[in-house]
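Enquirer: Take a look and give me a structure for this.
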Amino acid sequence: MEAFRARDAIRVSQLTYRQFDHAIRSGLMRPSRSGGRRRGSRRLFSTRDLLAFVILADVLRAGVRVRAVIPALALVQRGHGLPPLDQLEQAVIWTDGKVAHLVQGGERPRRRSRSGAVSYLLHVGGAARRLRGELHEVNINV
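Expert: Here you go, the predicted model:
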């Protein structure tokens, strides 16, 4: 499996260094390949981590509260059963801020939001497509 450095994650996600560092230090995101637990230790990220950073950047640009999509980011980064990047073309993640579900190819979300709660749909397929393009552009093969 590939391991990407922090500068690769920042470049492909188009987050600022400050946004990226805040996501790591706050515990919102964690490096999957290498902890970066101590000062000066290297942070290494997986492709799924990079996809979560791309989605995080989309959420921040849209002005959505990050807290509302934390379950979706966790599903992308650590969720079991999530297909590889090339199989996420039609994928959407539904979340209500408490739980998140992957929805493929026109399915409906399995769970309805509690009354009055706001639901979000995050287009993972578009983010995966952009990530593949960014990785290709910077000569990183996935």
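Enquirer: low-scoring stretches of the chain, by residue?
Expert: 1, 35-41, 106-116, 139-142 (pLDDT under 70).
Enquirer: Show me the residue at the heart of it, geometrically.
Expert: In the chain, the centroid-proximal residue (Cα atoms, centre = their mean) is A52; its distance is 1.1 Å.
Enquirer: so when I look at that residue, I'm seeing a strand, right?
Expert: No: counting by DSSP: H, G, I helix; E, B strand; the rest coil, A52 falls outside a strand, being helix.
Enquirer: so who does it touch?
Expert: Residues near A52 by Cβ atoms under 8 Å, 6 or more residues apart in numbering: 29, 73, 76-77. For every residue, glycine as well, the C-beta is placed using N, CA and C.
Enquirer: how does it look with 6 Å?
Expert: 73, 76-77 (Cβ atoms under 6 Å, 6 or more residues apart in numbering).
Enquirer: okay, those in CSV with neighbour count next?
Expert: Shown next, in CSV, are the contacts of A52 (neighbours: other Cβ atoms under 10 Å):
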residue, neighbour count
L73, 24
V76, 28
Q77, 23
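Enquirer: Could you list which of the residues you listed belong to helices?
Expert: 73, 76-77 (DSSP state H).
Enquirer: Now render the residues you listed as JSON lines, adding distance to A91.
Expert: JSON lines is the format used below for those (distance: Cβ to Cβ, whole Å):
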{"residue": "L73", "distance to A91": "14"}
{"residue": "V76", "distance to A91": "10"}
{"residue": "Q77", "distance to A91": "15"}
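Enquirer: For R33, give its distance to R43.
Expert: Going from R33 to R43 by Cβ to Cβ, to the nearest Å gives 8 Å.
Enquirer: Between these two, tell me which one has more neighbours.
Expert: Counted by other Cβ atoms under 10 Å, R33 and R43 do not tie: R43 has more neighbours, with 23 against 16.
Enquirer: correct me, but the more buried one touches P31?
Expert: Yes: if you go by Cβ atoms under 6 Å, R43 and P31 touch, sitting 4.4 Å apart.
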